[in-house]
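> Turn this into a structure:
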Amino acid sequence: MDDMRRFNTISEYNAFNKNETKHPLVSVVDLSKADPRQGSRMYFGFYIAFLKDVKCGDLVYGRDTYDYQEGTLVFMAPGQVAGVNSNGETYQPKGYALAFHPDLIHGTSLGRRIQEYTFFGYQSSEALHLSGRERNIVLDCFSKIDYELERGVDKHSKRLIVSNIELFLDYSVRFYERQFITRDHVYQGVLEKFENLLNDYFASDRPQDVGLPSVAYCAEQLHLSPNYFGDLIKKDTGKTAQEYIQAKLIDVAKEKIFDGSKTINQVAYELGFKYPQHFVRVFKKRVGHTPNEYRSMN
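A predicted model of the protein is given here:
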């Protein structure tokens, strides 16, 4: 896994997997056509979604590894690096990959919405585990895209191809929401751990020493990627993780304001604000009153 293969173009990835390049910006790659190989790290200069049909070792992503079972989808955005650790063994790839270059979607509905598909920022350990019916829907989307590629380019091609990619991604959003519910045993207690993490954080000296807790910090402490963590919290509470942190901040602030021995400036510094006036603005925006007004009312 020391050597890294770099794929900047769709045609380079097609050639590596012994697939024909039918369009320079998009491909449905049949991985079973590739030669048997050992695991390696790979850099991608385009969006790619892997549907794996064979267990081929541990998928390595960043510092994490994931036991890559059959029937999972993993999404990667341009510039990301991942790889398969096959422990030195040779394996035959099997499954499909949908690869599309950012240039394909510029100026389209998908191009405007691509940031909404937060799973492109998930870790591989947060892969989408498909049911049989879900897998068939994914394959149907891939088949329609490949059908358009087989026809050759005409005035309808781009719209139909991009629409089917968008459809596939929208289905993936739905499937992930199902996974958040049906895999509760995996994610059970994330909200409770998040709550305890914030309680411990604000009860310590960390706000004064480090500042306010970020979503990235909380996700790291809970061993989740920021995107996946944020989506779990939003699904569970209806609030973004940042909104949840701010709500906790205000609750803690209210308790501290009740302590008449502390000035508002002291409360602000204890909560991690460098500038008290920033705390006053945040508090008034959330509560409707300044900290001093709130203290007087109570």
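
> Helices along the protein, start to end?
For the chain, the helices identified by DSSP state H occupy 10-16, 102-105, 109-113, 132-151, 157-182, 184-187, 190-203, 206-209, 215-221, 226-237, 241-257, 264-270, 276-287, 291-297, in order along the chain.

> Run through who's touching stretch 286-295.
Taking Cβ atoms under 8 Å, 6 or more residues apart in numbering as the criterion, the residues outside stretch 286-295 that touch it are 246-247, 250, 253-254, 257-258, 260, 264, 267, 279-280, 283-284, 297. The C-beta positions use only the backbone N, C-alpha and C, and glycine is treated the same way.

> and what of stretch 91-99?
When contacts are defined by Cβ under 8 Å, 6+ apart, stretch 91-99 is touched by residues 10, 13, 17, 26-32, 34, 36-39, 44, 46-54, 56-57, 139, 142, 145, 165, 168.

> Could you tell me the end-to-end distance of it?
Distance across stretch 91-99, first residue to last, is 22 Å (Cα to Cα, to the nearest Å).

> wait, what's in contact with residue 190?
Per Cβ under 8 Å, 6+ apart, neighbours of residue 190: 222, 224, 229, 232-233, 236.

> Over to residue 250?
Applying Cβ under 8 Å, 6+ apart, one finds that residue 250 lies in contact with 282-283, 286-287.

> Buried ones among those?
With neighbours counted using 16 or more other Cβ atoms under 10 Å, these contain these buried positions: 282-283.

> of all the contacts of residue 250, which two lie farthest apart?
Within these, 282 and 287 form the most distant pair, 9.3 Å apart (Cβ to Cβ).

> Any regions of the stretch 1-150 of the chain where pLDDT drops low?
Low-confidence segments of the stretch 1-150 of the chain, defined by pLDDT under 70: 1-2, 54-70, 84-87.

> Try it again at 50.
1, 54-70 (pLDDT under 50).

> And stretch 199-218, how far out from the chain middle?
What separates the centre of stretch 199-218 from the centre of its chain is 23 Å, taken as Cα atoms, centre = their mean, to the nearest Å.
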